[in-house]
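In: Please work out how this folds:
(chains A, B and C)
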Amino acid sequence: MKIQRLCLWLILWVALIVYLMPIYVMIVNGFREASSVSLDTMWQLPNPISFQGFTEAWKMLSPNMQNSLVMVIPSALLSSVIGALNGYVFSKWRFRGSELLFALLLFGFFIPYQAILLPLVRFLQWINLYGTLAGLILTHVVYGISVTTLIFRNFYVNIPSSIVEAASVDGAGMIETFYRVMLPLSLPAFAVALIFQFTNIWNDFLFGITVVPNPQFQPVTIALNNLSGSFSVDWNIVMAGAILAALPTALVYIGLGKLFVRGLVSGAVKA
Amino acid sequence: MRIFLIAFILLFSACQSETNKQIEVFSWWTSGSEAAALESVINAYQSRYPDVEVINASIAGGGGSAARPVLQTRLIGGNPPDTWQTHHGAELMGQYINPGFTSSLKDLYESEGWYDLFSPSLIDMISKDGHPHLVVLNLHRSNTLWFNKHVLSEHQISIGESLSIEELFQIAEQLENAEVTPMCMGDSGIWATGIMFENTLLGTIGADRYKGLWNGTTTFNDPDVMEAIRVYSQLLDYLNDDHAALSWDQGADKLVQGKCTFYSMGDWAYGEFIRDGFKENIDFGWVAHPGTDGIHLMVTDGFTLAHNAPHRQETMDMLQIMGEREVQEDFNLLKGSICARNDCDRSRFGPYLQWAIDQYEYGVSVPTVIHGSAAPADFQQALNDALTDFVVRRDKDVFAETLVREARASGFGP
Amino acid sequence: MIKQHWLVQHKGALILLPSLILTTIFIYGFIGSSFFFSLTNWRTLAIDLSLRDPLWQTYADMFTMPRFQADLRNTFVFTLLFIGLATGIGLGLAILLDRQISQKGWFRNTFLFPYALSFIVTGVVWRWIFNPETGINLFFNFLGINRALEAAGMDPLSPGWTTDPTIVFSVNQLLYHLWPDGRVLQIEWGIPVALIPIAIAATWQLSGFVMAMYLGGLGGISSQIRDAAQIDGAGEIRLYSSVIIPMLNPITISTIIILLHVSLKIFDLVFAMSGVGPGFATDVPAIFVFEMMFKAARYNLGSAASIVMLVASSVVIVPYLIHTFKTRES
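Out: Predicted structure coming up:
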């Protein structure tokens, strides 16, 4: 047992070092002076340490951070909730043709976004949402539904149908059963769906830039992209900016990590 | 569900933007000296029109790689910015003038007397039926051969006013024997090796026949073009091994560090050298790419006036300012390029840029295909793809045949 | 299965209705227009919606382009490499972390962190790391691996990574044998070596998310089941291999579908890391679509390629759906 424990720790620590290696490269180069970023010194610690990269990046990113937050929170929540409801229906309340609908929903997940930019812009103009954050939120919600539905459906498949049946025997309606029985059990699935949606929407570039042309309303990824120029690039600012832009997402991970709790199914049924 | 609907409506109403006096300038200049240069133009505008809000809608990405989808989607979607950045020649003509996305600037050129202040050949390349559609801000030169002077002097090599391709190969051989990498390259973006190909092509077949490639009077399987492909292939043998893993500017850094010697690259590299603290004529030198002395392979940046521009008058004012002498001088000093106007004060520029001005003023100008001026976009892409294949397989015949076929498909080749 | 009242049935469909309406417009409507564009003459910025003659010529042109053939090969190889690596490593990490250990949250967040970073920037970092002269190859010297190899009379280890145009395990001869008309193949079919570092980088970025998927799934498995299995005397390895991992099948399917969506549409990471690569060794369909549509303005060709990408995804989805139909009946 002791050897097993030792192996476990060894594997975890080696994995940790490998995972941190690229992040190490980003951090040490983020703290360099612009002129001293070079491939030859990419592994070395910065000397002298310069905060110019981080301050410059923060100056350029912070105005757009707020836009991103305003956009990402409703988008991620809405698409997760819709996905949970859809997944509930697809796994526990199947009806004739529901598999086909699920297939149609899922297939859309693979649509290459470059190909639909043009009709998307025209449609948003038509419903008067082009150039607004609301239009962007709508876009993210719609393109998020298929994956969140998939996540919840396949998570709910593992939850015994007897729980749902028991609740409906008790006289609870479909929505009430979802609210009272399924929702408390879905926390790990919500963690996964929210992590997925939050990250994807936060890091989306293509929709942000196409749907919202005014830089005042644009999400942070566009500002991040604009840290590099068309010809030469200050890599210290770009590396620093990438770390700064990832921090909100990382905070979300830390918060959601607590939801990965092992389900106590029997307890939930009584509730 | 109702809550979401209400949330939607609230967000929708909160995000409706108001329309005051504004102008939207769309470019891919977002950082460093480019952004500062653009800022200097915007400042010049705002000092005169303080009540107009300038929306600087710039999107980064080499040569506008990220900007293009947005611009094209907006143009086709009928939602154009007031003015946007583009190169001259085929790109301007094929993508913006012909589909009707831009307006004529003839009145502006006449009232400002610009027909006398910009070179006729430049005006010709931005005009359709005698109507100019672009105000050109700056000129870059694409065909300069840069070198690290320290590396050369270590090996007792000196370079005069110009260099022939035979001399270059001789020096390359000597350096190779001394275990020094002769040529620099950073072509993780294939366009960088495209620049070297284009320069070699121009240097081998000369300006007239080079121009002929773009109107079908010269073909890509012509014996002289085949010779150019052979020379280019020979140059490829002298590159640094890791060229495919480097971006173009990391290739320039390699030259600065003395790990390679010559770099055939446009003069945006000049700004990169200066930024690295490398001094012109002391640390680095330059000549025209072999065979191209007196020829200016021109890369330009200019701004258009959108057809049905939402803020037409403001845009006209902006374009008028962009064409002013002092604005162009300030812009180009920051950008590290030369004025498009021919009456700028040359004493404000350093030795390299003065040399570039001479080459432009006393030589002939030819358009670049790599930056979209010489041929339509579909051919530009096809050339990049053919190069990607060629640098690995080195099959000259397949390369030439592909270009012949693609030139025909694109509508200019015989 | 619950006996369904028609009203209940109705209610289920009602919940799905908003999603279905939005999907119809945003996905099928837009796919339809893309498909239509792919049949037209539209190859400049000026919209030209006249149909091409012959109608399918754009597709015929595309499939004979060496570049597009390379893209199909690369997607296939990359998908296998990446999904295999990411699922395996993600599951491994989840199982390691699914127990009482101290600092569990810390490990979990570290493995997940790469997923939070923008692909554009991580692509650049990985390009540096796999630079053959200054990158990870230095560690082969540093760790003494190369000295050992040289002592053993072998060549030192210095892979070219993304700069290496080699295709290994070429199956062209086999293909010609099976399909004598196979000469239309203009490229070598095999494993492009340059794709391996891309698969590693993508795995680094996504395996943390795969781990999260599995942790979510493991969280859904009640402690009772584990206890019951342990009472039966199953050891830990048996517990996982014969009880828990089979229970995680639905999660594995979600994971593979999500990873498939990443690998089919991968763009930013490759674009920043190696571009199209030497001789298109790392080119992918999404870059093809992007360049053809927005650089070459060949809207018909770009649309055609995106339709092919979409069809390619059905290769996995259709068998999965058939599978779900079957399990429902049983």
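
In: Is the residue in the stretch 101-250 of chain B that chain C sits nearest to in a helix, a strand, or coil?
Out: Per C-beta to the nearest C-beta, residue B:244 is where the stretch 101-250 of chain B lies closest to chain C, at 4.0 Å. Using the backbone N, CA and C atoms, a C-beta is placed for each residue, glycine as well. Three-state call for residue B:244 (DSSP: H, G, I helix; E, B strand; the rest coil): helix.

In: What distance do you get for the nearest residue to it once chain neighbours are set aside to residue C:156?
Out: Closest residue in space to residue B:244, ignoring its immediate chain neighbours: residue C:163 at 4.0 Å, by C-beta to C-beta, 6 or more residues apart in numbering or on different chains. Residue C:163 sits at a distance of 17 Å from residue C:156 (criterion: C-beta to C-beta, to the nearest Å).

In: repeat for residue B:58
Out: Taking C-beta to C-beta as the measure, residue B:58 falls 46 Å from residue C:156.

In: What segments of the stretch 151-271 of chain A are strands?
Out: Using DSSP state E, counting those that start in this stretch, no strands are assigned anywhere in the stretch 151-271 of chain A.

In: So what's the gap between stretch C:297-317 and the chain middle?
Out: 15 Å (C-alpha atoms, centre = their mean, to the nearest Å).

In: where in chain B is pLDDT low?
Out: Residues of chain B meeting the criterion pLDDT under 70: B:1-20, B:61-65.

In: Chain C contacts on that one?
Out: B:1, B:65, B:68-69, B:72, B:75-76, B:94-96, B:98-101, B:188-190, B:241-246, B:376-378, B:380-382, B:385, B:388-389, B:391-393 (C-beta under 8 Å from any C-beta of the partner chain).

In: In the stretch 201-350 of chain B, what residue lies closest to chain A?
Out: For the stretch 201-350 of chain B, C-beta to the nearest C-beta, closest residue to chain A: residue B:268, 4.5 Å.

In: Distance check, the residue nearest to residue B:244 against residue C:191.
Out: In terms of C-beta to C-beta, residue C:163 sits 16 Å off from residue C:191.

In: out of these two, which sits in the busier spot?
Out: For residue C:163 versus residue C:191, neighbours defined as other C-beta atoms under 10 Å in any protein chain shown are more numerous around residue C:163 (24 against 21).

In: Quick one: mean pLDDT over whichever helix or strand residue C:21 is part of.
Out: Here residue C:21, judged by DSSP states H and E, is contained in helix C:6-23. Mean per-residue pLDDT for helix C:6-23: 78.

In: by contact count, what packs against the top strand by length along chain B?
Out: Using DSSP state E, we find that the single longest strand of chain B is strand B:295-303. Here strand B:295-303 touches strand B:83-86, strand B:135-141, helix B:191-213, helix B:312-322, helix B:351-362, strand B:364-367, going by 3 or more C-beta pairs under 8 Å, 6 or more residues apart in numbering or on different chains; DSSP states H and E.

In: quick one, strands of chain B?
Out: B:22-27, B:53-58, B:83-86, B:127-128, B:131-132, B:135-141, B:144-148, B:181-183, B:260-265, B:284-288, B:295-303, B:338-339, B:364-367.

In: roughly how far apart are the residue of the stretch 201-350 of chain B closest to chain A and residue A:209?
Out: Going from residue B:268 to residue A:209 by C-beta to C-beta gives 24 Å.

In: likewise residue B:22?
Out: 19 Å.

In: out of those two, which sits in the busier spot?
Out: residue A:209 (24 against 16).

In: how about the more buried one, what does it touch?
Out: Residues counted as contacts of residue A:209 (C-beta atoms under 8 Å, 6 or more residues apart in numbering or on different chains) are A:218, A:222, B:59, B:66, B:69-70.

In: cool, residue B:231 as well?
Out: Shown in contact with residue B:231 (C-beta under 8 Å, 6+ apart): B:165, B:200, B:204.

In: Then residue B:296?
Out: B:139, B:141, B:143, B:356, B:359-360, B:363-366.

In: cool, and residue C:230?
Out: residue C:239.

In: Neighbours of residue B:172, how many?
Out: Around residue B:172 there are 20 residues (other C-beta under 10 Å).

In: Identify the residue nearest it in space, chain neighbours excluded?
Out: Distance criterion C-beta to C-beta, 6+ apart; nearest residue to residue B:172, sequence neighbours excluded, is residue B:182 at 3.7 Å.

In: quick one on the thing from earlier: buried subset of the contacts of residue B:296?
Out: Neighbour counting with 16 or more other C-beta atoms under 10 Å in any protein chain shown marks B:139, B:141, B:143, B:356, B:359-360, B:364-366 as buried within these.

In: and which of the residues you listed is nearest chain A?
Out: Looking across these and measuring by C-beta to the nearest C-beta, the closest to chain A is residue B:141, at 13.8 Å.

In: Tell me the bridge partners for that closest one.
Out: residue B:298 (DSSP bridges).
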